[in-house]
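Trainee: Task: produce atomic coordinates for the following.
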Amino acid sequence: MPDILQQALEAAAAATPVSRAIAIACADWLIYLVALILLVALVWHRDRLTAALLVRIVILATLAFAFSLVGGALISDPRPFIVTHTPPLTAVTPDNGFPSDHVLLATTMTAALWWIDRRLTLACAFLTLLIMLGRLAIGAHHTLDVVGSVVLVILAFLVANWLPLPAGWSQSRSPAASR
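Mentor: Predicted structure coming up:
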């Protein structure tokens, strides 16, 4: 079944040098902005970081990665450039396209922000959407790959958020928080 969204985005990205540059920036470089926002939020809110929060973030990341390994083993989705025999707009590994590692990482960082500073979550969700569109536009992934990554992280987030942790882990150990 043809992936109309992916094909349309790839055609639009290949149309001009500017659209190509925008697609590559979204696909390959915006993830660094999401990481920077997460890092700044962690530093800004360091006085409110608790063991429970850090454990939840580690569980989220670990589960998202584990779910991606299982999903990748269960779902085989050759990348668009392999299927169409056309070169991608930037360097892409010719492995299984499901799930998208870039989208998985961006979504994981965005989900972690929910626990740190919810005001930043919406901005990073928008950046993650641009990353998703960029990955489609450069010919690296099908829609299933990028949406699947988001679903896997949502599942990991729900599990990490639901897990009961010791009550003592929710207390801030920072001297600034105890004043």
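Trainee: so what's residue 131 up against?
Mentor: Applying C-beta atoms under 8 Å, 6 or more residues apart in numbering, we find residue 131 in contact with 26, 27, 30, 31, 34, 102, 103, 106. To be clear about C-beta, it is placed using only N, CA and C from the backbone, and glycine gets the same treatment.
Trainee: Closest to residue 81 out of those?
Mentor: Using C-beta to C-beta, residue 27 comes nearest to residue 81 of these, at 12.7 Å.
Trainee: Can you report how many residues neighbour the closest one?
Mentor: Residues lying near residue 27 (other C-beta atoms under 10 Å) number 29.
Trainee: How about the one 4 residues further on?
Mentor: Using other C-beta under 10 Å, the number of residues around residue 31 comes to 21.
Trainee: other SSEs contacting the helix or strand residue 156 falls within?
Mentor: Secondary structure from DSSP states H and E places residue 156 in helix 143-162. Packed against helix 143-162 by the contact rule (3 or more C-beta pairs under 8 Å, 6 or more residues apart in numbering; DSSP states H and E) you find helix 51-74, helix 101-116, helix 118-137.
Trainee: Of the contacts of residue 131, which is the nearest to residue 164?
Mentor: residue 106 (28.2 Å).
Trainee: need the contact list for the closest one.
Mentor: For residue 106, counting by C-beta under 8 Å, 6+ apart, the contacting residues are 30, 31, 34, 124, 127, 128, 131.
Trainee: Equivalent analysis for residue 14, please.
Mentor: Counting by C-beta under 8 Å, 6+ apart, residue 14 touches 20, 89.
Trainee: what about it, which helix or strand?
Mentor: Short version, using DSSP H and E: residue 14 is in helix 4-15.
Trainee: Going by neighbour count, which residues of that helix are buried?
Mentor: Residues of helix 4-15 classed as buried by neighbour count (16 or more other C-beta atoms under 10 Å): 6, 9, 10, 13, 14.
Trainee: Over to stretch 109-127?
Mentor: 109-117, 120-121, 124-125, 127.
Trainee: Pull the most distant pair out of these.
Mentor: It's 115 and 127 that sit farthest apart of the buried residues of stretch 109-127, by C-beta to C-beta, at 18.0 Å.
Trainee: residue ranges with poor pLDDT in the chain?
Mentor: 1, 172-179 (pLDDT under 70).
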